[in-house]
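> 3D model of this:
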Amino acid sequence: MLVALAAPGIRAASSAAYRRVFPFDALRIGAASVAYVCIVSAVAMYDPAWLRLPAMVAALAGAYLLWRARPSFGVASGLPPGSLNPLPVRPWSDPEFYKLQAARYGDVFKTSQFGQPMVCVVGLERANKLLLDHDHQLVAPPLPFSRFIEGGYLRYLPEETHANYRRFFRSLFHSEVVVNAEPRIAAVFQRGFASMARASSVSGSVVVRAPVMRMMFVAWTDLFYGIDEDHPDFPRLKELFHVIDIRRARWASRRRVEGALAEIETIIRRRAAVLAASPAPLSCFTAALARNTPEALSDRTVLGNLIYITQVTWGDVTGLLLWVFKMLSEHPAWRERLAQERNRDLSTRIVRETLRLEQSESRYRRALTDLDFDGFRIPKNWLVRMCIRESHQDAATFPDPTVFNPDRFLGKPFTRAQYAPFGAFRLACIGEELTKVVGAIFALELVSGFEWRVVEDGAAEISSWAHNAPSRRFSVQMTPVTVA
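Modelled structure (predicted):
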């Protein structure tokens, strides 16, 4: 009984999928489980009688956990159906987990995440109603890296300051900078694809994920800071962003991270001083700050958010580009059509359809009070997951919802209650247009200059960024297009 109580922790720690997404948590859980089993074994060898009372407690605890994990637990008192398994692994090993749960229990169901109970909601109209009706009773649970930013990360700022900073960054990301930077972003992708083609000509194939991640980092440091890969600060900036990696934030040394952030701020201010004196058109966000709002360079909330927005969106947009690459690989008719038309509107529709099917999976909130919603009860402090990916597969809104068809966006507007890959209302992503621009450029450069075939692939998985992702084995053989 005592050993069985450690089974959920052992199962999580031994899961490759769980370790990929939560390496430090898996290490901690695994170490604690092993230590616990060793102590129980040692006591058993010394004097088994000492384990009688703990075994009784373990039996009661195990029985309670099994009883609580029943899908019908709490239904009579208003909770949604679904299992509260204390440490489920399947959400991190099976990208279809939430879709299967919704098919089994309905569009409102319960499960657990990070050991916390959670209510999941499928259907954007239903989710939007929840957000509107209970806006002030639902908060976005902050991720660990927010504590390193003076004032906090933009999404988690108090409502009274969030609006001002959101307006500031929205203006920055919708400025002329993006238009001016487009040729440089395209050039980064051209060089990256050429490098992939050279590598595959030597080895026969190239794994897609790492080169695309590198392309995005180069494009982002140039767009955000005006620092390209030939700039002397680029190597150090790359090292510093490794230090502040949000995937390690839960267990990172605060002193080390804050030191890295201070050094990045110094690099930004130094670069801003140079860009402020340049007569060139604004082509990076740091130049826009230096010329239009130089006082923002002294605001550590602005700089901290600018740095972590770089980090967060680097991972998110890389994930989107990998799916665009995957979709164009799996649907050669669309790939050939885009290569022939070389149409920006078509490439944008390809990005939108990719976002509908993959990459945009969820939005999270935490209930500050007990809530009544759609005939169910959401207890205080429970997590709430808006299931975006599953909502985007509603056949009433998207006929043949599993079919990749970018033309479904041709001349047809969708409301936020039908299509919302970037969220909705006051916490919606402010980088929506930028993301679509970068994705469209990526798709066009890929099909315009290169041909490729898939050499190896595997099932979709949950990446270290906690997003659905193509297999890490996804590999291609690329060749440049020969111009007659």
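
> What segments of the stretch 1-150 of the chain are strands?
For the stretch 1-150 of the chain, the strands defined by DSSP state E, counting those that start in this stretch cover 108-113, 116-122, 138-139.

> Could you report the neighbour count for Pro211?
Taking other C-beta atoms under 10 Å as the criterion, the count of residues near Pro211 is 16. Placement of C-beta: from N, CA and C, glycine included.

> Export only the CA atoms of the helix or strand where Gly259 lies, formatted as PDB.
Under the criterion DSSP states H and E, the helix or strand holding Gly259 is helix 254-276. Coordinates of the C-alpha atoms in helix 254-276 are reproduced here as PDB (Å, rounded to 0.1, in the frame of the first residue of the first chain):
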ATOM      1  CA  ARG A 254      16.900  34.500  -9.400                       C
ATOM      2  CA  ARG A 255      20.300  36.100  -9.000                       C
ATOM      3  CA  ARG A 256      21.600  34.600 -12.300                       C
ATOM      4  CA  VAL A 257      18.400  35.500 -14.200                       C
ATOM      5  CA  GLU A 258      18.300  39.000 -12.900                       C
ATOM      6  CA  GLY A 259      22.000  39.500 -13.800                       C
ATOM      7  CA  ALA A 260      21.200  38.300 -17.400                       C
ATOM      8  CA  LEU A 261      18.300  40.600 -17.600                       C
ATOM      9  CA  ALA A 262      20.300  43.600 -16.500                       C
ATOM     10  CA  GLU A 263      23.000  42.800 -19.100                       C
ATOM     11  CA  ILE A 264      20.300  42.500 -21.900                       C
ATOM     12  CA  GLU A 265      18.900  45.900 -20.800                       C
ATOM     13  CA  THR A 266      22.400  47.300 -21.100                       C
ATOM     14  CA  ILE A 267      22.700  45.900 -24.600                       C
ATOM     15  CA  ILE A 268      19.300  47.400 -25.600                       C
ATOM     16  CA  ARG A 269      20.100  50.800 -24.300                       C
ATOM     17  CA  ARG A 270      23.500  50.800 -26.000                       C
ATOM     18  CA  ARG A 271      21.900  49.800 -29.200                       C
ATOM     19  CA  ALA A 272      19.100  52.400 -28.800                       C
ATOM     20  CA  ALA A 273      21.700  55.100 -28.500                       C
ATOM     21  CA  VAL A 274      23.100  54.200 -31.900                       C
ATOM     22  CA  LEU A 275      19.700  53.800 -33.500                       C
ATOM     23  CA  ALA A 276      18.500  57.100 -32.200                       C
END
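
> got the strands of the stretch 1-150 of the chain as CSV, with distance to Leu84 columns?
Shown next, in CSV, are those (distance: least, C-beta to C-beta, whole Å):
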stretch, distance to Leu84
strand 108-113, 5
strand 116-122, 5
strand 138-139, 20
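
> so which of those strands comes closest to Pro379?
When the strands of the stretch 1-150 of the chain are compared for distance to Pro379 using C-beta to C-beta, the nearest one is strand 116-122, at 7.4 Å.

> hmm, who's touching the closest one?
Taking contacts as C-beta atoms under 8 Å, 6 or more residues apart in numbering, the residues outside strand 116-122 that touch it are 80, 82, 84, 98, 101-102, 107-112, 127, 130, 374, 376, 378-379, 381-387, 390-391.

> Next: stretch 86-99.
Surrounding stretch 86-99, the residues in contact under the criterion C-beta under 8 Å, 6+ apart are 8-9, 11-12, 15, 17-18, 20-22, 29, 65, 69, 100, 111-113, 115, 120, 122, 362, 385, 387, 389-390, 393, 460-462, 468.

> and Ala288, how many neighbours?
Look at Ala288: counted by other C-beta under 10 Å, it has 21 neighbours.

> I meant Arg453, not that one.
Applying other C-beta under 10 Å, we find 12 other residues in the vicinity of Arg453.

> One more: Ser448?
What Ser448 shows, counting by other C-beta under 10 Å, is a neighbour count of 15.

> thinking again about what came up before, can you say which of the contacts of stretch 86-99 are buried?
When burial is judged by neighbour count using 16 or more other C-beta atoms under 10 Å, the buried members of those are 8-9, 12, 15, 17-18, 20-22, 29, 69, 111-112, 120, 122, 362, 385, 387, 389-390, 393, 460-462, 468.

> Show me the contacts of stretch 86-99 that map onto helices.
The members of those that map onto helices under DSSP state H are 8-9, 11-12, 17-18, 20-21, 29, 65, 100, 389-390.

> now, among these, which is nearest to Gly192?
Distance ranking of the ones in helices among the contacts of stretch 86-99 against Gly192, using C-beta to C-beta, places Arg20 first at 24.3 Å.
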